[in-house]
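Undergrad: What shape does this take:
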Amino acid sequence: MLKKVIMTVLLVIGFFIFYFLWPRTIELPHIGTVKEWPLTEVGGNEASFREKPKLITFFFTNCPDVCPTTMWDLKKLHQVMEERGISQDEYFIIAVTVDPEYDTNDKIIQYKDMFEINSPNWLFFRGAEEETYKFTQYFNFSYEKNEDGFLTHSTSMYVVDSNDKIRAHHDMALGKKQVNIEEIADHLEQLLK
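TA: Residues are numbered from 1 along each chain as shown. Alright, predicted model coming up:
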């Protein structure tokens, strides 16, 4: 009888140790490295984004579906991070156009205004065609513009740490499937610890 009680107590203690002390998150992998940031922030707000975790997303202003729904979903990220006690000055959201020929600085600023994006930690970048292509290659992000000017692109976003290491990728909004904001927040929060 005493032996059963001791075994039960040890099992309960073991469970509590496992549950409360075992790490809840697994170390994010190193998927790649961003070696250069050749692009320019369209509003001239090149804050010290490189020293902080960031979510990188790609877009173009004429995108009819994936890009705008992703932008709407990402607006919720600020709220989720704030609920977790993480302020906007601790991380960045970076949106990079993959159609710099069409997306002038003015068009991107209008796009940003259309979504009522005015957070200082949400930056929009643009570069020359060659620079943009080179930048997307760090992420294995693909896009193509056909003869008619129609652009197609991958539907991934990327979490990058403060050392410019790519640590996770996430899906953009596709159809009725929304961006997994909680998981992105988990990854950003993990990189802040």
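
Undergrad: Tell me which residues are up against the helix or strand in which residue 190 is found.
TA: Using DSSP states H and E, residue 190 maps to helix 181-192. Here helix 181-192 makes contact (C-beta atoms under 8 Å, 6 or more residues apart in numbering) with 25, 28, 53, 55, 73-74, 76-77, 80-81, 84, 86, 90-91, 157, 159, 161-162, 167-168, 170. Heads up, the C-betas are built off the backbone N, CA and C, glycines and all.

Undergrad: are any of these buried, and which?
TA: 28, 53, 55, 73-74, 77, 80-81, 86, 91, 157, 159, 161, 167-168, 170 (16 or more other C-beta atoms under 10 Å).

Undergrad: Out of those, which is nearest to residue 124?
TA: The nearest member of the buried ones among the contacts of helix 181-192 to residue 124, counting by C-beta to C-beta, is residue 74 at 12.2 Å.

Undergrad: So what's the model's average confidence on stretch 110-127?
TA: Summarised as a single mean, pLDDT over stretch 110-127 is 94.

Undergrad: Kindly report the same for stretch 147-160.
TA: Per-residue scores along stretch 147-160 average to 88.

Undergrad: what residues are up against residue 157?
TA: 55-58, 70, 169-172, 179, 184.

Undergrad: What is the nearest of those to residue 148?
TA: For the contacts of residue 157, the nearest to residue 148 is residue 58 (20.4 Å; C-beta to C-beta).

Undergrad: Lowest-scoring secondary structure element of this structure by mean pLDDT?
TA: helix 2-21 (a mean of 56; mean pLDDT, DSSP states H and E).

Undergrad: next SSE after it?
TA: Helix 2-21 is succeeded, C-terminally, by strand 32-33 (DSSP H and E).

Undergrad: Against which helices or strands is that next one packed?
TA: strand 165-171 (3 or more C-beta pairs under 8 Å, 6 or more residues apart in numbering; DSSP states H and E).

Undergrad: What strands flank the strand it packs on, and is each parallel or antiparallel?
TA: strand 32-33 (antiparallel), strand 156-160 (antiparallel) (DSSP bridges).
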